[in-house]
Each structure stands twice: as C-alpha cells, then as structure tokens.
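>>> Sequence first, then the predicted structure, then my questions.
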Amino acid sequence: MDYLITLAILIGLSVALASSFNLIIGYAGLVSIAHPVFYAIGAYVSALLARELGLPVPLAMLCGALAAAAASAAVALPSLRVSGDYLLIASIGFQLGVLEAIKNISVTGGAGGLTNIPAFLVQDGGKGAYAALVIAFAALTVWLNWRIAHGPYGRALSAMRDDETAFAGLGRNAVAMKVAVFAFGSGIAGLAGALYAHYFRFVTPEQFEILQSAALLTMVVVGGVRTTWGPVLGAVLLQALPQAITFVDLPPAILGPLQGLLFTGLVLVFMVLRPQGLIAAGEAWHPAKKYSAEKYSAKTRGDA
Amino acid sequence: MRARAAASLSRRALVAGTLAASLGVAGAAHAEEPLRFGMAMPLSGGQATYGQDQVKAAEWAVAEINAKGGVAGRKLEMIVLDTRADPQAGIQAANRLISVDKVPAFVSAWSAVVKAIAPVANDTRTVQLSVGANSAEIARLGDYTYTTFPLAAVDITAVANYAAREMGKKRAAVLYINNETGTVAAQIYRDVFSKAGGQVVAYEAYDPRASDWTGPLLKVRAAQPDIVHIQGLVADTPQVIAQMRQLGLTIPVSSYSAVYNPKLIEQLGKASEGVIATSLAPGAADDPAVATYLARWKKEVGREPNGLPYTQYLYDAPYLIAAVYSGMIDKKMPLTGENFRKEMLAIRTFDLPLTGKLTINDDHTVNKTVYLMEVKNGAWVKKAVVE
C-alpha cells in the first residue's frame, strides 16, 4: 500500500510539473527547459525555511512557491524583452548556475544533498492524506491550466504565440503576459518541489539537472503538447511504465537496458509514428463550453 | 447486448480462474516460502557497468547458498531493482521492496541513493545495508541504515598517513571532484596529512561535468607539491591523471578505492605507472577464495569485474543476510526488519568468504584492512597493508 501511495505522490507531482510546463512551452510558446530548477528552488527554499527557521511547513511551502515564481520572473523579464530564444539560453544558464550555487553553499548541504527536512502531515494524517493533498494539488493545477488555456486569457495567449507583432498591434503587452505565464507555471513547479521535499525529506542537486528537464519534456511531448490531458497522460505513463516493468520478472541483465531504452525509445517511436503526441492538439484555439462561440460573440456584440 | 454479457462472463471467469490459480500457488509455496531480501542497484544509466557486475556477484552468492541447502532448509531469494543511481528512483525501488515484497532487509549503494532511502527505512523499520557507498554521513542516517563497506575515513586516512609517514612526503596537493564523494574525502585527507606533519599546499575542486582540468592542474603545479592526491570518480580520475602527465607533472599520484581497477591501466597505459590506490578487500594473491572467484569471472564473463573489491563486498552481502536469517530462525523470531536489526547486532562479527572478518560497530561504521596498491609494469601490485 505504501508503495502505491508513494507512486501516486510521484505521479501527482509529475502531473503538476508536466501540466505547468505545458502551459509555458505549449500554450505560451515560451522556449525554456529549465522547469526543474524552479522545482528545486521550491524544494530548497521550503525545506530550509522549515528546517533552519522553524517556519510552519505550509507557510514554508508557500514561500517556496513564491520564491520560484519570483526567480522565474527575474529570469524572464530581461530575456523576454530582447527576444524569445534568449529565454532558452538565460533559463539554462540560470538552471546550471543555481544548481552550482546549491552544490557549493554549506547551508544547502552542498553536493551531498539536504537531509533532515521536517516532515509534514504524515505523522498526523498518514501517508494517504499526503497523497490526497498532492493529487488535489495536481488536479487543481490541471483545472487551472485548462481554465487559463481555454478562457479569454488563453485566446489572448494563443494570439500572442502565433503572431506577437499583431498581438502587440492590438495594444496588448506581450512581455507582461509572457512573464506572468512563466511565473505562474514556475510557481506551480515550486510548490510541487516543496511538496516533494517535505514528504521524501531528502533532496540533492543532481535530481534537478538537465536529465530531469529531458524527462519532463518527454512527458509533455509524448502526451501531447498544448492539450489539457496530454501532459497528464504523459506524466502517468512515464512514471508508471518503469515501475510496471519491474513486475515482469526479468533478469537484471535485461531489466537494466530495457529501463534505459524506455525513454529514448518512446521519444523515437513517437517522433516517427505520432509526432503530435498521444493526444493531438487542435489546429486553432478553441474555447471551453462555458465560453462557447455564440455566447462569446453575443457578449461582445452586447458590449458594442 | 448478448456479446457484451458473454464478454463480461468470460472476464469474470478469467478473474476467478486467476484468483484460484494464484491462491493455489500461494498455498503450495507457504510450507517453504523463500527468505527474501532486496537489492536496489543501478542497472541502467552511467553507473550501470558497476551496478550490473555487483549484482552478478550477489547472484552467484545466492545461487551458492541455495546449492548448499539454503538457510535452515529454506531458499534465499534476491529481488533486484534498478535505481539508476538516482535518489528518486532509489526511493521507488525501496518502497517497492518494503511494501510489495515485504523484505525485512535490502542492499543498496551509491551515497545519494542511500541517503534518500534512509528516512523510508527508518519509518518502516526495514534494514538498509549500504554496500559500497563511502560517504561519512552514511553512519549518521538513523537506526535502520548500516554499512558493510568501510566509509571514506578508513582508506583516505590510511593513504594520507602512508604518504606523510612512510613515503616521507611533505607537500601534498589535493585535487577533488566537487560532489559528495569528493568534498568529504578531500577534507579527511587534508586533516590527516596535516596532522601527520605534512602541509597541504594546494586544495583544488573541479566540476563533476568537467572534461578539462588544465586550470586546477596548473594551480597544483604552481604550488610545487611532492605528491598529488586525486579524489575523483572512476570515470574522470584516469583523464585527470592523463592530462596531468601531459602537462609535465611527474610527481607521484595517490587516489582511493574507486580507482583500483584494470580500466585505469587500460586507459592510461604508461601514464598509469606509479599511481597508488587503495583496495578495501584482499586481492587474489592474498586469498585463494578471491583467486577462484576471479578465475570464475574470467571463465564465465571473459573479463575481470569492474571495481573488483566492490563486487567482493556485494558477493558477501547475501552471506551476511543468510547468517542473520539463520539466527532469527534459530531463535524463532518473527522475520521482521526490527528483528533483523536486533539479530544482526547480536551476531555483530561475521566471517565472510571474500572480504574476511567484518565487525559492525555501534556507531554504524566498520573497520577493515586497507591494501595500498600501486601500478608497476602495467599491473596492480600490493605496496603495503594498513591494519
């Protein structure tokens, strides 16, 4: 049972990460692969505030999320003012830099990792309660992303992604929108990191490196970029599949390479057979039922 | 409609059939259910070459124990899972072993993985035996993490003392990889060497992802040491030594147990001459059992194992577990993690086939003999033994 609960927590965190990452690279079209560093910032800030200053864990988690959002805004603001591609460079640089700093500062535990992170909820509510919290958080993330992407804001987002000049021509501020989306997505990642830290009670810089970026990108791309359920499916699949394989009784000599090939193999297969991912995104922006075309146009006509 | 009914019926039949079959199997197996333990090792990823060989060694030991009748008439069974040497994958493997396979004890390695698993082991009162990780922190991870492998302090202390006292070196340079393994051990070397009367004239870190070490090496050269201690990983240390020799630094080099393997000589050729490393297990010349073991590798796999001493420790791990299981069964204790720990500490001293005597100290450390090895004429030869 503990096994399934832990798996559920890891899947829930991956869903939140993949879903928020999809908002950034998919819906907003911002080229960045540094999502794990905001996951790391959330984890470290929350863990250190709770451990060193004795802050209550929920408050520490909130601070972790805010720190991640603030850090992401600080990276995005200067780089997005120039042009989109700079964000990729700036964010990778930021990822490497932050991880390097974590490795060399003694309060973060250095390269050996941060131990003795205070636990949260598990003593009082049990592991099931924590899993429920994480799943609720993941569900909320998916719902929020769906609301953002398919509401009026999503339409503006889609317009900005497709033609920034035209979007600016309509009098909208593209940079402000990009920074807001980037900060929101990164804040979610930060909260996910905080939730990770206070359950597993040990974090090390190496788990937030480029390899983790690749895993997240795989989840989004294999699942289906720019869809609500694609990243969810991708996250569940890529967390559960390696686990499922261990239940097929294979000798270690086969198990190892098979696990290793899984990610690369999946990406290759999808690139050739289904480049749009498991769930394909529509050609154009489409509203949620609530904002259906008739209602929307009726409303705008009424305003006019 | 009818089709659907038929489908659901057959599905129900299938479920019932499977259930009955599994119950039947469970019933039959109950009489002599195997004694299980877990093994969480990197089978894929960058560390797999070592993990795979270590698991193979443990598999041989399990097969041998079972061939000799098992433990108290029951078979020993090892459940192997992949950790990729990654903390998160390690936690998943440990959870799977503890809550699905319900093992009272499991073997793990790689410092980050061991540290990540420790809270899980403590919470569930399951014994984690770290076999191969050498971070000094391993000893301080709580009541349920023990090591059978000597931690960094043991061999680094030996090599630093030997350099200062026996080789008469006065000025040491320490070059280390900036990660867990490197930083802690480098500090130990610095402290021990200074205490033994030497002086550490350069203390340089390098990035784990570095592929060029010219900067730190030039600083080392400028400090004019008479010995260089390199605390890196198996993968990068040979490259560091190669670059060092290219830069014209001919002073002696010492390192630690990770470097002691045939790959170093293969990769460096002549440049490996004089490199000193440590081995924490007896070699083929010290113990006929090790010679037999090595011969088996050459015969069945066609090569020497990667990281020979580590595989010796892994080979011995099932023997230790079997001894503890045997003690628990003798005393008719329920086979839980708590009792496993109790019985392991009650036995305390184990006589193991390939690494000799092992005593588990109260502070979660173990003491072992350190063998100082040196490359001479293209082969590792024993230079000294430090008790």
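Arrived safely. The structure displayed is predicted, hence computed values, not measured ones.

>>> The residue in chain B positioned nearest to chain A: what's it in contact with?
Closest approach between chain B and chain A, counting by CB to the nearest CB: residue B:43, at 2.9 Å. The way it works is simple: take the backbone N, C-alpha and C, and place the C-beta from them, glycine included. The neighbours of residue B:43, taking CB atoms under 8 Å, 6 or more residues apart in numbering or on different chains as the test, are A:252, A:255, A:256, A:259, B:51, B:52, B:55, B:80, B:82, B:83, B:84.

>>> now, which of the residues you listed lie within strands?
Residues of those located in strands (DSSP state E): B:80, B:82.

>>> Turn the contacts of residue B:43 into JSON lines, columns for distance to residue B:233 and neighbour count.
Output for the contacts of residue B:43, formatted as JSON lines (distance: CB to CB, whole Å; neighbours: other CB atoms under 10 Å in any protein chain shown):
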{"residue": "A:252", "distance to residue B:233": "22", "neighbour count": "22"}
{"residue": "A:255", "distance to residue B:233": "24", "neighbour count": "22"}
{"residue": "A:256", "distance to residue B:233": "20", "neighbour count": "23"}
{"residue": "A:259", "distance to residue B:233": "22", "neighbour count": "23"}
{"residue": "B:51", "distance to residue B:233": "14", "neighbour count": "31"}
{"residue": "B:52", "distance to residue B:233": "17", "neighbour count": "20"}
{"residue": "B:55", "distance to residue B:233": "20", "neighbour count": "26"}
{"residue": "B:80", "distance to residue B:233": "23", "neighbour count": "23"}
{"residue": "B:82", "distance to residue B:233": "20", "neighbour count": "28"}
{"residue": "B:83", "distance to residue B:233": "17", "neighbour count": "30"}
{"residue": "B:84", "distance to residue B:233": "16", "neighbour count": "25"}
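
>>> Let me know the closest of the contacts of residue B:43 to residue B:95.
Residue B:95 lies nearest to residue B:83 out of the contacts of residue B:43, by CB to CB, at 11.7 Å.

>>> how about the nearest residue to that closest one, chain neighbours excluded?
residue B:90 (4.2 Å; CB to CB, 6 or more residues apart in numbering or on different chains).

>>> returning to what we had before: doesn't the residue of chain B closest to chain A belong to a strand?
No: checked against DSSP: H, G, I helix; E, B strand; the rest coil, residue B:43 lies outside a strand; its state is coil.

>>> So which of the contacts of residue B:43 are in helices?
Under the assignment DSSP state H, the contacts of residue B:43 contribute A:252, A:255, A:256, A:259, B:51, B:52, B:55 to helices.

>>> Of those residues, just say which sits nearest to residue B:370.
residue B:51 (24.0 Å).

>>> Residue B:250: how many residues sit nearby?
If you count neighbours by other CB atoms under 10 Å in any protein chain shown, residue B:250 ends up with 10.

>>> Remind me which helix or strand it belongs to.
Assigned by DSSP states H and E, residue B:250 belongs to no helix or strand.

>>> need the contact list for it.
Under the criterion of CB under 8 Å, 6+ apart, residue B:250 has no contact partners.

>>> Find the residue ranges of chain B scoring beneath the pLDDT cut-off.
Confidence mapping of chain B against pLDDT under 70 gives the ranges B:1-31.

>>> So which residues of it form helices?
B:2-30, B:48-67, B:87-95, B:111-124, B:152-161, B:180-195, B:214-222, B:237-246, B:262-268, B:288-300, B:308-330, B:337-347.

>>> for the ones you listed, which one sits closest to residue B:170?
Among these, the nearest to residue B:170 by CB to CB is helix B:180-195 (9.7 Å).

>>> ok, back up a step: so for the nearest residue to the residue of chain B closest to chain A once chain neighbours are set aside, what pLDDT did the model give?
Leaving aside its sequence neighbours, residue B:43 sits nearest to residue A:256 (CB to CB, 6+ apart; 2.9 Å). For residue A:256, the pLDDT comes out at 73.

>>> Surely residue A:256 is in contact with residue B:82?
Yes: in this structure, residue A:256 is within contact of residue B:82 by CB atoms under 8 Å, at 5.9 Å.

>>> who touches both of those two?
With CB under 8 Å, 6+ apart, residue A:256 and residue B:82 have common neighbours B:42, B:43, B:44.

>>> Leaving out the residues flanking it, which one is nearest to the last one?
Put plainly, it is residue B:44. Using CB to CB, 6+ apart and skipping the chain neighbours, the partner closest in space to residue B:44 is residue A:260 (3.5 Å).
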